[in-house]
Structures are given as C-alpha cells and as structure tokens.
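Asks: sharing a model prediction with you, sequence too.
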Amino acid sequence: MKFINYLQSITGVSIYPLASLCIFTIFFVVAAFWAFKADKGMIDHIRNIPLDDR
C-alpha cells in the first residue's frame, strides 16, 4: 500500500495543507514586515556579526 493511500483513509486530512499554507503565509508576511520596519543600525550590526573577531 502506498503512502498516499494511508493519507486518504484519514478523516479530515485535507485541512492540513491549508493550515500549513496559512501558517507559512502569516510567518512570511510578519518576517517581511519586520525586515522593512527594523532599525537600520540593528540590521547593519546583524549583517556584520560573522565578520566580528570576538
């Protein structure tokens, strides 16, 4: 029996792809909003972390 047959036998499994898409979309929108609204000084500091010799 293939894996897809196991998924088809589960009642209500069709909600999981939709829920995953919603969660990803919300996370992406929040991350993009934070990136545009973040303080430029903090972004420069984060950008230079790999180059610090501490």
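Replies: Yep, it's here. Numbers count the residues shown, from 1 in each chain.

Asks: any idea which helix is longest in this protein?
Replies: Criterion DSSP state H: the longest helix present in the chain is helix 15-37.

Asks: for that helix, packing partners?
Replies: The contact analysis (3 or more CB pairs under 8 Å, 6 or more residues apart in numbering; DSSP states H and E) places helix 15-37 against no helix or strand. Backbone N, C-alpha and C define where each C-beta goes, glycine included.

Asks: let me see the mean pLDDT of the helix or strand that it is followed by.
Replies: For helix 15-37, the following helix or strand on the C-terminal side (DSSP states H and E) is helix 40-47. Per-region confidence: helix 40-47 scores 89 on mean pLDDT.

Asks: what about this protein, any weak spots by pLDDT?
Replies: Counting by pLDDT under 70, the chain has low-confidence residues at 1, 54.

Asks: can you report phi and psi for the nearest residue to residue 7 once chain neighbours are set aside?
Replies: Computed as CB to CB, 6 or more residues apart in numbering, the closest residue to residue 7 that is not its neighbour in sequence is residue 13, at 5.4 Å. Per-residue torsions, residue 13: phi -70, psi -20 (degrees, to the nearest 10).

Asks: do you know how far residue 13 is from residue 25?
Replies: Residue 13 is 20 Å from residue 25, where distance means CB to CB, to the nearest Å.

Asks: alright, calling it a day.
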